[in-house]
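Asks: this one's structure only:
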């Protein structure tokens with residue numbers, strides 16, 4: 001670190017200490033062994049500060065520090081598994097509104113980034129911003145071709161300020177991990193590294209531009225939904241230019257179809273989760289607009305979650321278990337997603353989780369609140385020191401926010417009733433489209449390939465024996481018998497796996513009320529069961545004949 005950086009960080013550290021003293025959080029200074037950096041005349045007052053972690057005071061400290069500390073607070077509001085839910089809830093109150101920076105700076109940044117005079121890009125540019133936050137501000141403008149756009153410009157020198165803040169956070173994290181077991185368990189240094197990546201993405205407007213472009217492609221043909229178009233050829237890491245959304249915030253809209261908007265908005269998100277596996281992670285009312293044409297528009301794509309691979313499968317299982325009230329399955333999926341300490345008794349954890357969730361399932365369907373049950377899951381994760389995948393936390397937060405907004409807009413709204421048919425529809429499409437069967441046959445193919453390799457591997461073993469590279473007590477003739485038996489059994493095993501797959505597929509199809517029926521059973525299931533019986537008889541006879549052939553030899 002250069003001398004300039006050390007001086008910069010020291011000034012920032014002094015500012016942090018002053019605010020901790022101001023809000024009577026001096027025990028933090030003592031626990032971090034930073035008392036020597038406090039002016040002598042203020043040290044005596046530290047002993048009067050009682051040990052407390054008042055979430056409101058912590059929020060005020062971070063809010064006054066601004067810069068990366070506001071972003072850290074917003075980041076922690078998404079991670080109730082790392083801090084208590086009380087702190088996460090308090091940190092949701094962060095007001096990321098700052099005074100705008102001067103228009104001359106705006107013009108300077110735009111011209112430097114786009115490498116041309118501002119009047120060569122815009123026919124009109126409103127000098128007064130329509131929004132100003134800690135990272136940047138937004139102006140309304142018109143391009144040369146007359147298209148109305150929103151222009152997002154990054155604050156000057158914000159990178160340097162945030163770097164200084166993160167350096168200090170890393171210092172605190174390293175110190176805490178050396179002196180506090182819980183901090184070490186939660187791996188705070190790793191959390192700060194994750195936060196650093198989080199802010200780096202937010203500081204690069206091209207990342208947000210790509211997110212908006214992705215959602216635009218997903219939903220450009222969707223009725224009732226509006227995603228702004230991005231002008232990629234005019235975007236840089238510090239300037240983002242997109243289509244201007246004409247309309248009002250949903251909270252300011254007048255006479256609207258509240259039931260219809262709640263359902264449309266929820267289905268919009270369900271498609272993000274279950275079909276596209278990428279979702280807007282911050283659907284709070286301030287980001288939701290109702291266009292002049294009556295379409296729902298979602299703004300600010302800085303935070304996007306992604307459900308890929310095994311996490312997507314686990315989320316589907318968890319949704320199904322929660323909707324059906326299967327607390328055992330909820331616990332099992334939850335354990336797979338988080339890491340329980342070795343000293344934690346798994347059965348005790350399951351009982352604790354079942355007790356916590358039981359009140360949500362001992363009620364009528366219309367009274368179930370998925371958001372509240374997710375809050376309980378996150379509380380349990382915090383209690384048992386489980387560190388859950390970031391994208392699952394983002395998904396939980398999005399669902400909690402989504403359900404809360406829809407219920408506030410339309411009190412009769414029920415998330416479970418909306419999500420249940422959607423999930424069943426997706427599962428039906430997957431089965432009928434062959435996705436589940438393809439996956440099943442893919443696994444069968446892998447097993448088949450491994451079985452086919454067995455004779456080859458045994459031949460390799462025999463070659464090593466013949467060359468004297470491996471000494472065994474078994475005679476070569478005995479091994480030949482084993483090889484012959486394996487070769488005879490390979491096809492039977494493969495056919496047995498296929499038979500089992502057909503049987504399982506028939507059971508799955510049995511759950512779907514579709515198509516022609518034979519004796520009250522869906523035709524596909526009936527045929528599958530019939531084929532299973534025939535194959536079982538064939539396998540029994542084949543095994544018997546192969547055994548007799550080997551005995552004769």
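Replies: Received, thanks. Being a predicted model, the structure only gives us computed values, none of them experimental.

Asks: what helix or strand is the residue nearest the centre of the chain on?
Replies: With the centre of the chain defined as its mean C-alpha position, the nearest residue by Cα atoms, centre = their mean is residue 391, 1.7 Å away. Mapping residue 391 onto the secondary structure by DSSP states H and E places it in helix 390-409.

Asks: and that helix, what does it pack onto?
Replies: Other helices and strands packing on helix 390-409, by 3 or more Cβ pairs under 8 Å, 6 or more residues apart in numbering; DSSP states H and E, are helix 258-271, strand 278-280, strand 304-306, helix 309-324, helix 370-383, helix 415-432. For the C-beta atoms, the positions are set from N, CA and C on the backbone; glycine is no exception.

Asks: Go through that helix and flag the buried ones.
Replies: In terms of neighbour count (16 or more other Cβ atoms under 10 Å), helix 390-409 has its buried residues at 390-407, 409.

Asks: Other residues contacting that helix?
Replies: The contact list for helix 390-409 (Cβ atoms under 8 Å, 6 or more residues apart in numbering) reads 77-81, 194, 250, 258, 261-262, 265-266, 269, 273, 279-285, 288, 303, 305-307, 311, 314-315, 337, 369-371, 374-375, 377-378, 413, 415.

Asks: Tell me the buried residues within those residues.
Replies: In the contacts of helix 390-409, burial by neighbour count holds for 77-81, 250, 258, 261-262, 265-266, 269, 273, 279-283, 288, 303, 305-307, 311, 314-315, 337, 369-371, 374-375, 377-378, 413, 415, counting by 16+ other Cβ under 10 Å.

Asks: okay, and for the stretch 151-300 of the chain, where does confidence drop off?
Replies: In the predicted model of the stretch 151-300 of the chain, residues 179-187 satisfy pLDDT under 70.

Asks: Spell out, range by range, the strands that occur in it.
Replies: Listed in chain order, the strands found in the stretch 151-300 of the chain under DSSP state E, counting those that start in this stretch are 225-226, 239-243, 247-249, 278-280, 288-291, 296-298.

Asks: and residue 113, which of those strands is closest to it?
Replies: Each of the strands of the stretch 151-300 of the chain was scored for nearness to residue 113 using Cβ to Cβ, and the closest is strand 239-243 (4.7 Å).

Asks: Check which helices and strands the closest one sits against.
Replies: Using 3+ Cβ pairs under 8 Å, 6+ apart as the contact criterion, the elements in contact with strand 239-243 are helix 103-114, strand 148-154, helix 205-219.

Asks: one more time with 10 Å
Replies: For strand 239-243, the contact count by 3 or more Cβ pairs under 10 Å, 6 or more residues apart in numbering; DSSP states H and E identifies helix 103-114, strand 136-143, strand 148-154, helix 205-219 as packing neighbours.

Asks: Need the winner for burial among those.
Replies: Of all the helices and strands packed on strand 239-243, strand 148-154 has the most neighbours on average by mean count of other Cβ atoms under 10 Å, namely a mean of 22.

Asks: Listing partners with orientation, what would you give for it?
Replies: strand 136-143 (antiparallel), strand 239-243 (antiparallel) (DSSP bridges).

Asks: What's the local residue count around residue 358?
Replies: Burial of residue 358, expressed as a neighbour count using other Cβ atoms under 10 Å, amounts to 11.

Asks: To clarify, my last question referred to residue 389.
Replies: Using other Cβ under 10 Å, residue 389 is surrounded by 17 other residues.

Asks: what about it, distance to residue 336?
Replies: With distances defined as Cβ to Cβ, to the nearest Å, the gap from residue 389 to residue 336 amounts to 11 Å.

Asks: anything in contact with each of these two?
Replies: Shared contacts of residue 389 and residue 336, defined by Cβ atoms under 10 Å, 6 or more residues apart in numbering, are found at 310, 311, 314.

Asks: thinking the second one is in contact with residue 277, fair?
Replies: Yes: contact criterion Cβ atoms under 10 Å: residue 311 and residue 277 qualify, at 9.2 Å.

Asks: Can you give me the domain assignment for the protein?
Replies: 3-95+163-200, 97-156+204-244, 250-431, 435-552 (automatic domain parsing).

Asks: Can you give the distance from the third one to the centre of its chain?
Replies: Relative to the chain's own centre, domain 250-431 is displaced by 11 Å; criterion: Cα atoms, centre = their mean, to the nearest Å.

Asks: unless I'm mixing things up, residue 296 is touching residue 250, no?
Replies: Yes: the criterion here is Cβ under 10 Å, and residue 296 meets it with residue 250 at 7.6 Å.

Asks: Now for those two: what residues contact both?
Replies: Common neighbours of residue 296 and residue 250 are listed as 261, 265, 288, 289, 290 (criterion: Cβ under 10 Å, 6+ apart).

Asks: ok, now which ones touch the first one?
Replies: Looking back up the chat, that one is residue 261. Neighbouring residues of residue 261 by Cβ under 10 Å, 6+ apart: 224, 250, 253, 288, 290, 294, 296, 405, 406, 409, 410, 413.

Asks: Adding distance to residue 87, write the strands paired with strand 148-154 out as TSV.
Replies: Formatted as TSV, the entries for the strands paired with strand 148-154 read as follows, by distance: least, Cβ to Cβ, whole Å:
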stretch	distance to residue 87
strand 136-143	27
strand 239-243	31
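
Asks: Of the ones you listed, which is nearest residue 170?
Replies: Taking those one by one with Cβ to Cβ, strand 136-143 is closest: 24.5 Å.

Asks: And the average pLDDT for the closest one is what?
Replies: On average, the pLDDT along strand 136-143 is 95.

Asks: any idea how far that strand is from the chain center?
Replies: 30 Å.

Asks: ranges for the strands of the stretch 1-150 of the chain?
Replies: Taking DSSP E, counting those that start in this stretch as the criterion, the stretch 1-150 of the chain contains strands spanning 122-125, 131-132, 136-143, 148-154.

Asks: rewinding a little: report the set of residues contacting both of residue 311 and residue 277.
Replies: For the pair residue 311 and residue 277, residues contacting each of them under the criterion Cβ under 10 Å, 6+ apart are 305, 391.

Asks: element containing the residue nearest to residue 376 when sequence neighbours are not counted?
Replies: Taking Cβ to Cβ, 6 or more residues apart in numbering, and ignoring the residues beside it in sequence, residue 376 has residue 356 as its nearest neighbour in space, at 4.9 Å. Secondary structure assignment for residue 356, by DSSP H and E: helix 346-361.

Asks: does residue 145 really touch residue 234, like I thought?
Replies: No: with contacts counted by Cβ under 10 Å, residue 145 stays clear of residue 234, the gap being 11.7 Å.

Asks: of these two, who's got more company?
Replies: With other Cβ under 10 Å as the criterion, residue 145 and residue 234 differ in neighbour count, and residue 234 comes out ahead with 19 against 6.

Asks: any idea what sits nearest that one, other than its immediate chain neighbours?
Replies: residue 241 (4.5 Å).

Asks: Please apply the same query to residue 259.
Replies: Counting by Cβ to Cβ, 6+ apart, residue 259 lies nearest to residue 410, which is 5.2 Å off, once chain neighbours are set aside.

Asks: residues contacting that neighbour?
Replies: 256, 257, 258, 259, 260, 261, 262, 263.

Asks: want to throw the residues you listed into JSON lines with distance to residue 215?
Replies: Putting the contacts of residue 410 into JSON lines (distance: Cβ to Cβ, whole Å) gives the following:
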{"residue": "256", "distance to residue 215": "23"}
{"residue": "257", "distance to residue 215": "23"}
{"residue": "258", "distance to residue 215": "24"}
{"residue": "259", "distance to residue 215": "25"}
{"residue": "260", "distance to residue 215": "21"}
{"residue": "261", "distance to residue 215": "19"}
{"residue": "262", "distance to residue 215": "20"}
{"residue": "263", "distance to residue 215": "20"}
